[in-house]
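In: Structure of the sequence below:
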Amino acid sequence: MVHIERVDLSSRNVALPSDRVGMVIAQPHLSLTTEEPFKCTDEAKGQQLNVLTQTLSIARQARHGAVKTHFTIFPEYSIPGLDGIALVDNALRAAEWPPGTIVIGGTDALSKTDFAALATAERTHLDTSHNGLDRIAEDEWINCAVTWVKAVDGTVERWLQPKLFPAWLEQDVPYQGMFHGNSVFTFMGPFENGTQYRFSSLVCFDW
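Out: From the prediction side, this is the model:
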C-alpha cells in the first residue's frame, strides 16, 4: 500500500486563485542513455540545462495573462542530475522569482549518493519512514520527482518523491534496478476565496 504524506502549505501562505492559475509546462526533446540508469547523455546535457533556463525565463515573464506563473512543470527525466536541480534552486531563490509559486520537475537517474546529498540538504523534505536512505540498496538508482515551493516570505523548500513503479524499460535490468518509492506527497492550502486546494504529482507508470 502506498503511503500518503500530507503537506499543509497554508503555513507558507501559498494561496492560489480560485478561478484560474498561471502555468508553464516544458515539453523538451530528451536524449537519454540507452542503458540503465537512464541519464541525460553528456552531449545533450548543455542543451537540456538551457531548456531549463529558457522555461524558467518564460515562467517569470508570465505571458499567459495571470499575475504570475503559479505552476512551472518539467516532465519526467527533464532535469539532468544535481546540476539541473542546482539551476532550478538558484532561479527560485533569486529576488525576481515571485513568491507563492510551485515548480514540479522530474530528474534523470540519480545514484544513491546523489540522492542522499539532496535528501540531507537544508529545507529538503523526504518521507524517511517510507523512502529513507536505509531502504535504498547501494546499486539502485532513483527516478525522482521534485516539488519546489517558494513561500510568501521568500523561503524555498523542496520535497523529494521517488517514482513508485518502473516502466517497461526501467524493469529490464541486467545489473541495476530502479528503487521503488513507497509514498506520495499531497499538498494542500487555501484558495483566495477561502476554500482549499490539493494537488499531488504522479510520475509515468505511477498513474
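In: CA atoms only: put the lengthiest helix in the chain into CSV for me.
Out: When the chain is parsed with DSSP state H, its longest helix is helix 42-61. Once non-C-alpha atoms are left out, helix 42-61 reads as follows in CSV (Å, rounded to 0.1, in the frame of the first residue of the first chain):
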residue,chain,number,x,y,z
ASP,A,42,26.9,14.0,-21.9
GLU,A,43,26.4,15.5,-25.4
ALA,A,44,22.8,16.7,-24.6
LYS,A,45,23.3,17.9,-21.1
GLY,A,46,24.2,21.5,-22.0
GLN,A,47,21.2,21.8,-24.2
GLN,A,48,18.9,20.4,-21.5
LEU,A,49,20.2,22.8,-19.0
ASN,A,50,19.5,25.6,-21.5
VAL,A,51,15.9,24.3,-21.8
LEU,A,52,15.5,24.7,-18.0
THR,A,53,16.9,28.2,-18.2
GLN,A,54,14.6,29.2,-21.1
THR,A,55,11.5,27.7,-19.5
LEU,A,56,12.1,29.4,-16.2
SER,A,57,12.6,32.7,-18.0
ILE,A,58,9.2,32.2,-19.8
ALA,A,59,7.6,31.4,-16.4
ARG,A,60,9.0,34.7,-14.9
GLN,A,61,7.5,36.7,-17.9
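In: Which strands border whichever helix or strand comes after it, and is each parallel or antiparallel?
Out: Later in the chain than helix 42-61, the nearest helix or strand by DSSP states H and E is strand 71-79. With DSSP bridges as the test, strand 71-79 is paired with strand 23-25 (parallel), strand 101-107 (parallel).
In: would you turn the ones you listed into CSV with distance to E76 and mean pLDDT?
Out: To be clear about C-beta, it is placed using only N, CA and C from the backbone, and glycine gets the same treatment. Shown next, in CSV, are the strands paired with strand 71-79 (distance: least, Cβ to Cβ, whole Å; pLDDT from 0 to 100):
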stretch, distance to E76, mean pLDDT
strand 23-25, 13, 98
strand 101-107, 4, 98
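In: highest average neighbour count across those?
Out: Most buried of the strands paired with strand 71-79 by mean neighbour count (mean count of other Cβ atoms under 10 Å) is strand 101-107; its value is a mean of 23.
In: where's the residue positioned nearest the centre of the chain, which helix or strand?
Out: Per Cα atoms, centre = their mean, the C-alpha nearest to the average position across the chain is that of V146, at 2.1 Å. Here V146 sits within strand 144-150, counting by DSSP H and E.
In: Other residues contacting that strand?
Out: 9, 12, 14, 76, 79, 85, 88-89, 92, 97-107, 110, 115, 118, 156-163, 185, 187, 201, 203 (Cβ atoms under 8 Å, 6 or more residues apart in numbering).
In: Following element in sequence after the lowest-mean-pLDDT helix or strand in the chain, please.
Out: Least confident helix or strand of the chain, by mean pLDDT, DSSP states H and E, is helix 168-171 with a mean of 74. Counting by DSSP H and E, the next helix or strand C-terminal to helix 168-171 is strand 177-178.
In: Thanks a lot, see you next time.
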